[in-house]
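> need a structure here:
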Amino acid sequence: MIASLVVSALACVPAFASGTVVKVELQDDGNMKTMQMKMDHASVKAGPVTFQVTNESKSLAHEMLVIPTSLEASALPYNAKKDVFI
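Next up is the predicted model:
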């Protein structure tokens with residue numbers, strides 16, 4: 001329930017006049033294995049970014065975390081066998 005409240009709160013944040021707005025759809029087909037994020041930007045330039053997040057699931061709670069890191073994507077802790085970040 002907390003995750004759905006966080007997603008709802010993020011969806012209500014107004015867009016700023018300057019900066020980039022990234023629309024994010026949190027999706028699934030009713031099961032954990034098909035969870036995915038669909039974004040309208042693959043990358044953005046440096047500066048203010050607002051995420052407009054919508055949980056499109058009919059039955060599952062989703063969450064989106066934004067975590068700053070200096071690591072390259074290939075250096076992030078990823079379990080290829082399970083197809084998950086750890």
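> And Ser18, how far from Met64?
22 Å (Cβ to Cβ, to the nearest Å). From N, CA and C alone the C-beta is placed, and that goes for glycine too.
> more crowded one of those two?
Between Ser18 and Met64, counted using other Cβ atoms under 10 Å, the more crowded position is Met64 (15 against 7).
> List phi and psi for the residue nearest the centre of the chain.
Centroid-nearest residue in the chain, with Cα atoms, centre = their mean: Met64, separated by 3.9 Å. When read as degrees, to the nearest 10, the backbone of Met64 gives phi -130, psi 130.
> Can you tell me who the closest residue to it other than its chain neighbours pairs with across the strands?
Spatial nearest neighbour of Met64, excluding adjacent residues (Cβ to Cβ, 6 or more residues apart in numbering): Val53 at 5.4 Å. With DSSP bridges as the criterion, Val53 is bridged to Val24.
> Outside of stretch 23-37 itself, list whatever touches it.
7, 38-40, 51-60, 62, 64 (Cβ atoms under 8 Å, 6 or more residues apart in numbering).
> could you redo the last one with a cut-off of 10 Å?
Stretch 23-37 is contacted from outside by 3, 7, 10-11, 38-41, 50-64, 83, using Cβ atoms under 10 Å, 6 or more residues apart in numbering.
> could you pull out the strands for the protein?
Assigned strands in the chain, in chain order: 20-27, 36-39, 49-55, 78-79, 84-85 (criterion: DSSP state E).
> For the protein, give me the ranges with low pLDDT.
Where the chain drops to pLDDT under 70, the residues are 1-17.
> now with 80?
Along the chain, the parts satisfying pLDDT under 80 run over 1-18, 30-32, 83-85.
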